[in-house]
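**Q** Any chance you can model this:
(one chain, ligands or ions: 1)
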Amino acid sequence: MKNVLSTKTSQPLLSLREIHGIGERVADKLIEHFGTEDAALQAICEGDIASLSEINGISHNFALSLAREARSRTEGCSISDFLKTKEALELYSRLLELIKSFAHTTHSRDRLNLFYPLPASRMDLIQKRQAFIGEYLELGEAFSENSEFLDLLSRVRKLKPVPANLRVRDRIILCGDPKILEAAREKFQPFLPVQGVEDFSEFVDLARGYSSVIVFDDTYLGFDLPEGIEPEYFQDISRAEFCQVLPEKELSFFARNLYCIRACLNIVSALRSQGFGFFEGFSEEKLGILNAALSKLGEDGKPVEGFDPEIDRLGAALQNLDSVLTSALNEANQRMNRTLEASSLTLSGQELIKLVSGGMEIKDLLAKELDRIYKTEIKAVKEEIADKLGLQKQEKLMLESLFPDEISYPLSVDQSQLQLLRQKLNNSLEKTRLARKRELAKTLSAFHQPVEQLVKEILDFDLGFSIACFSAKFQLKVPKLIRETGIGFEAGENLFLKARHGEIDPVSYSIGKTSFSPAGLENRVVLLSGVNSGGKTSLLELIAQCVILGYMGFPVPAKELELGPVEEFYYFGKSKGTLDAGAFETTLKQFSMLSEVSGKLVLADELESITEPGASARIIAGILEYLYRNEQSLGIFVSHLSELILENTGAEVRVDGIEADGLDSNLELIVNRNPVYNRIARSTPELIVERLLRKTTGKEQEFYSHLKNKFRTGTKMDS
Ligand SMILES: Nc1ncnc2c1ncn2[C@@H]1O[C@H](COP(=O)(O)OP(=O)(O)OP(=O)(O)O)[C@@H](O)[C@H]1O
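**A** Predicted coordinates for the structure are as follows:
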């Protein structure tokens, strides 16, 4: 799949210092961390916030601002080119937070920050984004509800490197040759001991302290090495592979990232099982080999138990050696005890004569008998130990010297021989483990680079997929970008309301020239009137959401949407009350931009509250005229003063109304959230008067009836 965020742009950045916010000190830190200036620039441009914020002194927010700044430099437009007011920016931020809540990885959460709406004149970029997102929409439909799949994705993160403090302590490299010593130090010293050796006895002394000894020169190999010292000889240090000398390095990389890598492999399988091609170069066969290799690796970086019978046999033998020996000796002692108690000595006539004649001592005779009993028991004990511990030929031979030749009772072992046996088992275990580690590391090392690539691709995948999940959740649709000035849609749903309430009433609406506008009512500038709590603000927000998302290249919350060109978007939320002179002036200044020619969309919510009603009606009327003059501009102004504004303007302004269809059986307002075109909505006070009218009788009702007449248009102040 393509990655839109890493596409080449027309204005590539050539130096870090071109990015606002990067001074010499920060530039140096970035280069030091990433190795080269190009690598640092790439990380910034790709929005690799996680790597950037690893640098001391670069916070997450600073990293984000650098990435955004770089993005706006390379794309030639920034967030504020389109989002022209503080409240427009706030709406975008709320939307972005909602979208980010669908991200499964920190990576995509961070990179989503680099998606912001672009002016219509950057249709090239908008369409690129649309194409990028379009590739994922089907995936969103297929997997957005698959909790197992989502859980796998959330386990994927940037791969952790081999820990800097990795050190193997039971292996040593011994060098007789100073040149080789230098090369070995350079290559392996950070991970395991490397020692120069002056003479053979030093070699033997050092070798004794380690379970494995590696040499790259044969200086001491011609000597007669004592038992138990078996150095491994690798001929050429320059060719010595890490996975042979130090398999722990590769294993530790895979072990540290085991969950993440396994999750990635399962993601690939899940995608493929549903017919989605992903990471195509990685065949099913390779997937199987890697999975099998990973299943043999423990989180501690060691091969797990249960996969290698020899490791299991030796491990169990070592673990059970003492207990098996003790119980075998106990039983043998008891048997011997019983045998001795039950034994009596019967002498033959010949023996009697020998004893009397002094040709034989009674002691010898007794020793002969005891020796037989002792040897039988020792033999039984050895057999039992060999059998229960599953000892092999060499190890069985060591049992021979475990018991003294001289009779001893109770039976006991020679502790130093026992120690030798233990050592032998231990050495064999370590040797076998090392051999398995090497095999495993060799298999895995072939996957190191593909795994890095796979994780990267899955992280990138999550970016598009998260957007697709957001889209699937809210049933978003790709908008139709039209040439005419207008915005029209059918069955739109305000995302903030929907996220909060679940089910809401869909709304259809149109301004300007779209196929949704009723004939003859294609006004670009509209006043929106309506009952209190009718949904005017929610509708403005909905339009804002559609426009922002549409110009981000995202699908939008409407069943169908036609979106005309918008270069700049102004949003003015409802003010809490009359503004002070300063704030009033600032608001007016923002509207002065309307004099410039370019497609502007202005959404304003009850702007009248910024100052006193009479003055504000005049001001709004003036603003509408300016908007009207610019044929590429659109405006919707929510107002309760529509009649007053109309009186003050010469512009062709349409007034639409969100009305209550009346009162329900409980005399509650029934609101039709769809604005009625070209109609000033009845206001809520009128309906409240009606409610009171219908609830009362007699004189009281007459009073409400009188008040109700006041709402009839054209009614004069009479009696
Ligand atoms: N399309 C909708 N579907 C369901 N509920 C809605 C819809 N639009 C608005 N509402 C509900 O009506 C409430 C009021 O909406 P909103 O604030 O948009 O009305 P308003 O016309 O701007 O009100 P006011 O004139 O008092 O400012 C919302 O909080 C929401 O609960």
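**Q** Please make it C-alpha for all contacts and neighbour counts, starting now.
**A** Noted.
**Q** The residue nearest to the spatial centre of the chain and the ligand, how far apart?
**A** Nearest residue to the geometric centre of the chain (C-alpha atoms, centre = their mean): Thr105, 2.4 Å. Note on Thr105: its distance to the ligand, by C-alpha to the nearest ligand atom, to the nearest Å, is 32 Å.
**Q** Surely that residue touches Arg157?
**A** Yes. With contacts counted by C-alpha atoms under 8 Å, Thr105 reaches Arg157, the gap being 6.6 Å.
**Q** Common neighbours of those two, please.
**A** With contacts taken as C-alpha atoms under 8 Å, 6 or more residues apart in numbering, Thr105 and Arg157 have Leu459 as neighbours in common.
**Q** Could you measure from the residue nearest to the centre of the chain over to Leu481?
**A** Plainly put, Thr105 is 31 Å away from Leu481 if you go by C-alpha to C-alpha, to the nearest Å.
**Q** Likewise for Gln334?
**A** Following C-alpha to C-alpha, the distance that separates Gln334 from Leu481 is 96 Å.
**Q** more crowded one of these two?
**A** Leu481 (17 against 13; other C-alpha atoms under 10 Å).
**Q** What sits closest to that one if chain neighbours are left out?
**A** Closest residue in space to Leu481, ignoring its immediate chain neighbours: Leu563 at 4.8 Å, by C-alpha to C-alpha, 6 or more residues apart in numbering.
**Q** Go ahead and confirm the one you found touches Val478.
**A** No. With contact defined as C-alpha under 8 Å, Leu563 does not reach Val478; the gap is 10.5 Å.
**Q** Overlap in contacts, the two.
**A** Common contacts of Leu563 and Val478, defined by C-alpha under 8 Å, 6+ apart, comprise Gly550.
**Q** Now the residue nearest to Gly306 when sequence neighbours are not counted: which helix or strand?
**A** In this structure, Gly306 finds its nearest non-sequential neighbour in Asp312, 6.5 Å apart by C-alpha to C-alpha, 6+ apart. Assigned by DSSP states H and E, Asp312 belongs to helix 309-342.
**Q** how about the nearest residue to Phe34 once chain neighbours are set aside, phi and psi?
**A** Leaving aside its sequence neighbours, Phe34 sits nearest to Ala40 (C-alpha to C-alpha, 6+ apart; 5.4 Å). Taking degrees, to the nearest 10, you get phi -70, psi -40 for the backbone angles of Ala40.
**Q** and the gap between Ala40 and the ligand?
**A** 46 Å.
**Q** List the contacts of the residue of the chain positioned farthest from its centre.
**A** No residue in the chain sits farther from the centre than Ser357, which is 96.8 Å out by C-alpha atoms, centre = their mean. Counting by C-alpha under 8 Å, 6+ apart, Ser357 makes contact with nothing.
**Q** rewinding a little: the helix holding Asp312 packs against which elements?
**A** With contacts defined as 3 or more C-alpha pairs under 8 Å, 6 or more residues apart in numbering; DSSP states H and E, the packing partners of helix 309-342 are helix 362-389, helix 415-445.
**Q** Now find how far off-centre the shortest one is within its chain.
**A** Averaging C-alpha positions (C-alpha atoms, centre = their mean, to the nearest Å) puts helix 362-389 67 Å from its chain's average.
**Q** what do you get for the last one?
**A** In terms of C-alpha atoms, centre = their mean, the centre of helix 415-445 is found 38 Å from the chain centre.
**Q** Next, the buried residues of it.
**A** 417-418, 421-422, 424-430, 432-434, 436-445 (16 or more other C-alpha atoms under 10 Å).
**Q** cool, the shortest one as well?
**A** Judged by neighbour count using 16+ other C-alpha under 10 Å, the buried positions of helix 362-389 are 373-374, 377-378, 381-386, 388-389.
**Q** and which of those residues is nearest to the ligand?
**A** The shortest gap between the ligand and any of the buried residues of helix 362-389 belongs to Leu389, at 74.9 Å (C-alpha to the nearest ligand atom).
**Q** The closest one contacts Asp322, correct?
**A** No. Counting by C-alpha under 8 Å, Leu389 stays clear of Asp322, with 10.5 Å between them.
**Q** what do those two both touch?
**A** Overlap between the contact sets of Leu389 and Asp322, as judged by C-alpha under 8 Å, 6+ apart, is nil.
**Q** contacting residues for the closest residue to the ligand within the stretch 301-450 of the chain?
**A** The ligand sits closest to Pro450 of the stretch 301-450 of the chain, with a gap of 49.3 Å, by C-alpha to the nearest ligand atom. Shown in contact with Pro450 (C-alpha under 8 Å, 6+ apart): Phe282.
**Q** Doesn't it lie inside a strand?
**A** No. Pro450 is assigned helix when assessed by DSSP: H, G, I helix; E, B strand; the rest coil, not a strand.
**Q** what's the spacing between it and Lys286?
**A** Applying C-alpha to C-alpha to Pro450 and Lys286 gives a distance of 10 Å.
**Q** for Leu667, same thing?
**A** Plainly put, Leu667 is 70 Å away from Lys286 if you go by C-alpha to C-alpha.
**Q** The two: which is more packed in?
**A** The residue with more neighbours, out of Leu667 and Lys286, is Leu667; 15 against 12, by other C-alpha under 10 Å.
**Q** Wasn't Val526 part of a strand?
**A** Yes. Assessed by three-state DSSP, Val526 belongs to a strand.
**Q** my guess is it contacts Phe637, does it?
**A** Yes. Here Val526 reaches Phe637: they are 6.3 Å apart, a contact under C-alpha under 8 Å.
**Q** Three-state assignment for whichever residue of the stretch 551-700 of the chain sits closest to the ligand, please.
**A** Nearest to the ligand, among the residues of the stretch 551-700 of the chain, is Arg673, at 5.5 Å (C-alpha to the nearest ligand atom). Counting by three-state DSSP, the backbone at Arg673 sits in coil.
**Q** can you pull the contacts of it?
**A** Listed by C-alpha under 8 Å, 6+ apart, the contact partners of Arg673 are 505-507, 534-535, 658-659.
**Q** And for Ser121?
**A** Contacts of Ser121 by C-alpha under 8 Å, 6+ apart are Glu567.
**Q** rerun at 10 Å
**A** Counting by C-alpha atoms under 10 Å, 6 or more residues apart in numbering, Ser121 touches 565-567, 599.
**Q** show me the residues around the residue nearest to Leu481 that make contact.
**A** With contact taken as C-alpha under 10 Å, 6+ apart, Leu563 is in contact with 479-489, 513-514, 546-547, 550-551.
**Q** same thing but 8 Å
**A** So Leu563 contacts 479-482, 486-488, 547, 550 (C-alpha under 8 Å, 6+ apart).
**Q** Would you mind giving me the ChimeraX syntax to select the buried ones in these?
**A** In ChimeraX, this line selects whichever of the contacts of Leu563 come out buried by 16+ other C-alpha under 10 Å:
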select :479,481,486,487,488,547,550
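**Q** Out of the contacts of Leu563, which sit inside helices?
**A** The helices, defined by DSSP state H, take in 547, 550 from those.
**Q** Which residues are in contact with Glu457?
**A** Counted by C-alpha under 8 Å, 6+ apart, Glu457 has contacts Phe279.
**Q** Looks to me like it is in a helix.
**A** Yes. Judged by three-state DSSP, Glu457 forms part of a helix.
**Q** Buried residues in stretch 162-178, which are they?
**A** By 16+ other C-alpha under 10 Å, the buried positions in stretch 162-178 come out as 162, 167, 171-177.
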